[in-house]
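Q: Starting from these lines, generate the structure:
(one chain, ligands or ions: 1)
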Amino acid sequence: MARHNPCPECRSTDLLVHDNIAARGTYGPDLLPGGSKWYAVPRMTAVVCRDCGHIRHFASKDTLEKLSADRNWKKVR
Ligand SMILES: [Zn+2]
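A: Numbering: from 1, shown residues only. Here you go, the predicted structure:
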């Protein structure tokens, strides 16, 4: 994905991407609270830089729509 390239830390283009990661596990923290419904766990994409190890996470499009409708998420001003 062009928008993920290059790494914002070290400018490397040696990156790995993994789509469709569940943002909430059974015992782990909820990384995107408000993004889930009882039938659907919020999804995200991870991008890892193979040079410096910097990790970025991106919420999926439908998760973003759910977060926008959730009042606990405040717009940063
Ligand atoms: Zn990097």
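Q: so what's the backbone phi/psi at Val47?
A: phi -120, psi 120 (degrees, to the nearest 10).
Q: Would you state the helices of this protein in chain order?
A: 61-68 (DSSP state H).
Q: Near the ion, which residues of it are found?
A: Cys7, Glu9, Cys10, Ser12, Cys49, Asp51, Cys52, His54 (CB under 5 Å from the ion). For the C-beta atoms, the positions are set from N, CA and C on the backbone; glycine is no exception.
Q: swap the cut-off to 8 Å and go again
A: Contact residues, the chain versus the ion (CB under 8 Å from the ion): 6-12, 15, 49-54.
Q: Take these and keep only those in strands.
A: In strands, judged by DSSP state E, the following of the residues of the chain next to the ion are found: Leu15, Cys49.
Q: Report all helices and strands that the helix or strand bottoming out on mean pLDDT in the chain contacts.
A: Lowest by mean pLDDT, DSSP states H and E among the helices and strands of the chain is helix 61-68, with a mean of 88. When contacts are defined as 3 or more CB pairs under 8 Å, 6 or more residues apart in numbering; DSSP states H and E, helix 61-68 packs onto strand 43-49.
Q: The strand it packs on pairs with which strands, parallel or anti?
A: Within its sheet, strand 43-49 is paired with strand 15-22 (antiparallel), strand 55-59 (antiparallel), according to DSSP bridges.
Q: For the least confident helix or strand of the chain, which residues meet the burial criterion?
A: Residues Thr63, Lys66 are the ones in helix 61-68 that count as buried (16 or more other CB atoms under 10 Å).
Q: Stretch 69-77 now?
A: Under 16+ other CB under 10 Å, stretch 69-77 has no buried positions.
Q: likewise stretch 24-36?
A: Leu32, Gly35, Ser36.
Q: Might you report the residue contacts of Asp62?
A: The contact partners of Asp62, by CB atoms under 8 Å, 6 or more residues apart in numbering, come to Arg43.
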